[in-house]
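Curious how this folds, go ahead:
(one chain, ligands or ions: 1)
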Amino acid sequence: MTFRSEITGVGSFVPSKIVTNFDLEKLLDTSDEWIQQRTGIVQRHWVDDATSNSDLGLIASLNAIKNAGIDKKDIDMIIYATLSPDHDFPGTGCYLQAKLELPEISVLDIRQQCTGFIYALSIADKFILSGSHKNILVVGSEVHSKGLDKTPNGRNVSVLFGDGAGAVVVSRKELNDPQIDSRIIATQLFADGAHAKELWIPAPGSAVGKDRMNHQMIEEGLHYPQMNGKAVFVHATKRMAECLVSVCRETDTSLADIDLFLFHQANLRINSKVAEMLSIPEEKIFNTIQNYGNTTAATIPLGMDDAIKAGVLKKGMLVASAAFGSGFTWASAIFRY
Ligand SMILES: CC(C)(COP(=O)(O)OP(=O)(O)OC[C@H]1O[C@@H](n2cnc3c(N)ncnc32)[C@H](O)[C@@H]1OP(=O)(O)O)[C@@H](O)C(=O)NCCC(=O)NCCS
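Model prediction:
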């Protein structure tokens, strides 16, 4: 039997606490004007002390499962993308599985940072098409706020990131009805580890000396994200444009055929530049960075849920997605929603 993978449910969740650029002015020696001009970000959401990554993932997942119209017991695998896990190990998918009370189903945690969701979607697609699984929960969730340097030293990075979660259910359907074309059509995944240290967290880790973590590393701020913003910007625009063109070529799709572009949200200027490079009308790109900042692996499913709720993304639309992030990693997807 031949199968198709269909995104049958979408859900998201952001914590209620909103942190505006003006709030950050008080902490970071920054300004609303600088942040908006350079990035497009107006506000982001931060969790409270008691909330973990899997808490956000749980609510997003329950919303996606409800939206799919299935019972949670129909989920037979969880793929969890995050760079800000509940704990170093085990993976956050295990905590989500326990919170969902779905013992014994397979759980796979991946990283791939801002590209995490498209990587996870691609893995889910392959499992579904192989026939081994029926309903895979794909989750992207981040709690950045607990890991940012909230002093002026961290202002170049800390203004960019926010907390949130998004999830989709990818379901196995038979490919026997030519009228129904809702499916993941293609995904393409790329990486270039030569640039790993352009956007990274040095510690804790096994590559930083005798201990994974010690007081000196903390004093040096090695546990905070470090970024070469200009290098990221240059590579992001080039790679996102490249992988969009490439996935279109593979699927014999013209960019003009795409109804909606769901891009990763790292910086409004990155997305505008990609649009300019490929002559994509800006109104075909659904941007959410104004409200959330960069929520890394959560960004695309969170944006997808917002686009559905806003009536912008409708069933049957042809969607292209592209992301770029730490690693460097980048990826694209084309799907019929
Ligand atoms: C981060 C980014 C907005 C910075 O913009 P930029 O024009 O490259 O800015 P620079 O880093 O050169 O800094 C310019 C100045 O602003 C200052 N600055 C940096 N962050 C600041 C902040 N939050 N508020 C105010 N000033 C800030 C710098 O200190 C520098 O000052 P100087 O000229 O006196 O030395 C931009 O590089 C970018 O978007 N890069 C991609 C980042 C990204 O997408 N990351 C996630 C990838 S998934």
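
who in the stretch 51-200 of the chain is up against the ligand?
114, 155-156, 159-160, 199 (C-beta under 6 Å from any ligand atom). Quick note: C-beta positions are derived from backbone N, CA and C, even for glycine.

Ranking by neighbours, what's the top pick from the residues you listed?
With neighbours set by other C-beta atoms under 10 Å, the maximum within these is found at Cys114, which has 32 neighbours.

Helices - which of the residues of the stretch 51-200 of the chain next to the ligand land there?
155-156 (DSSP state H).

Now the two most distant members of the residues of the stretch 51-200 of the chain next to the ligand.
Distance extremes for those: the farthest pair is Cys114 and Arg155 at 19.9 Å, using C-beta to C-beta.

where does Gln179 land on pLDDT?
Looking at Gln179, its pLDDT reads 68.

From here on, call the first residue 43.
From this message on, residue numbering opens at 43, which makes the last subject Gln221.

was I right about Ile117 contacting Glu143?
No: counting by C-beta atoms under 8 Å, Ile117 stays clear of Glu143, with 10.9 Å between them.

For this protein, which residue gets nearest to the ligand?
At 2.6 Å from the ligand, Gly271 is the closest residue in the chain, using C-beta to the nearest ligand atom.

Could you tell me the average pLDDT over the host helix or strand of Trp372, please?
Per DSSP states H and E, Trp372 falls inside strand 371-378. Averaged over strand 371-378, pLDDT sits at 98.

That strand: how far from the chain's middle?
Offset of strand 371-378 from its chain centre (C-alpha atoms, centre = their mean, to the nearest Å): 12 Å.

picking that back up, spatially nearest residue to the residue of the chain closest to the ligand (excluding sequence neighbours)?
Asn198 (6.1 Å; C-beta to C-beta, 6 or more residues apart in numbering).

Next, the angle strand 371-378 makes with the biggest helix by length in the chain.
In the chain, assigned by DSSP H, the helix with the most residues is helix 271-292. Interaxial angle, helix 271-292 versus strand 371-378 (axes from the mean of the first three to the mean of the last three C-alpha atoms, to 10 degrees): 40 degrees.

right, and the helix or strand after helix 271-292?
strand 302-305.

pLDDT (mean, whole number) over that following strand?
98.

Doesn't Gly358 belong to a helix?
No: counting by DSSP: H, G, I helix; E, B strand; the rest coil, Gly358 is not part of a helix but coil.

For burial, what's the neighbour tally of it?
10.

ok, now Tyr266?
19.

so what's the residue of the chain closest to the ligand scoring on pLDDT?
Predicted confidence (pLDDT) for Gly271: 96.

With Lys280 instead?
For Lys280, pLDDT reads 98.

cool, the one 10 residues further on as well?
The predicted local distance difference test score for Cys290 is 97.

Excluding residues flanking it in the chain, which one is nearest Gly204?
Arg86 (2.9 Å).

The one you found should be in a strand, yeah?
Yes: judged by three-state DSSP, Arg86 forms part of a strand.

can you tell me how far it sits from Phe377?
Arg86 is 27 Å from Phe377, where distance means C-beta to C-beta, to the nearest Å.

and if you look at Asp234?
From Asp234 to Phe377 the distance is 25 Å (C-beta to C-beta).

what about the two, which has more around it?
Neighbour count, other C-beta under 10 Å: between Asp234 and Phe377, Phe377 has more, with 22 against 12.

Contact partners for the residue lying closest to that one once chain neighbours are set aside?
Distances taken as C-beta to C-beta, 6+ apart place Ile226 nearest to Phe377, at 4.5 Å, with adjacent residues excluded. The contact partners of Ile226, taken as C-beta atoms under 8 Å, 6 or more residues apart in numbering, are 46-49, 163, 167, 212, 375, 377.

Take those and keep only those in strands.
Residues of those located in strands (DSSP state E): 46-49, 212, 375, 377.

For the residues you listed, which entry has the maximal number of neighbours?
Val212 (29 neighbours).

Please tell me I have it right and that residue contacts Leu171.
No: using C-beta under 8 Å, Val212 makes no contact with Leu171, being 10.2 Å away.

circling back: settle this for me: the residue of the chain closest to the ligand is touching Val201, isn't it.
No: the criterion here is C-beta under 8 Å, and Gly271 misses it with Val201 at 10.9 Å.

any idea where the strands of the stretch 143-292 of the chain begin and end?
Along the stretch 143-292 of the chain, counting by DSSP state E, counting those that start in this stretch, strands occupy 148-152, 177-184, 206-216, 225-233, 241-242, 268-269.

which one of these is the most hemmed in?
Scoring the strands of the stretch 143-292 of the chain by mean neighbour count under mean count of other C-beta atoms under 10 Å gives strand 177-184 as the most buried, with a mean of 31.

Hey, what's the angle from that strand to strand 148-152? Just curious.
30 degrees.

And strand 177-184, how far out from the chain middle?
On C-alpha atoms, centre = their mean, the centre of strand 177-184 falls 10 Å from that of its chain.

Quick check: which helices or strands does that strand pack against?
Helices and strands touching strand 177-184, by 3 or more C-beta pairs under 8 Å, 6 or more residues apart in numbering; DSSP states H and E, are helix 95-110, strand 119-123, helix 134-141, helix 158-172, strand 206-216, helix 341-351.
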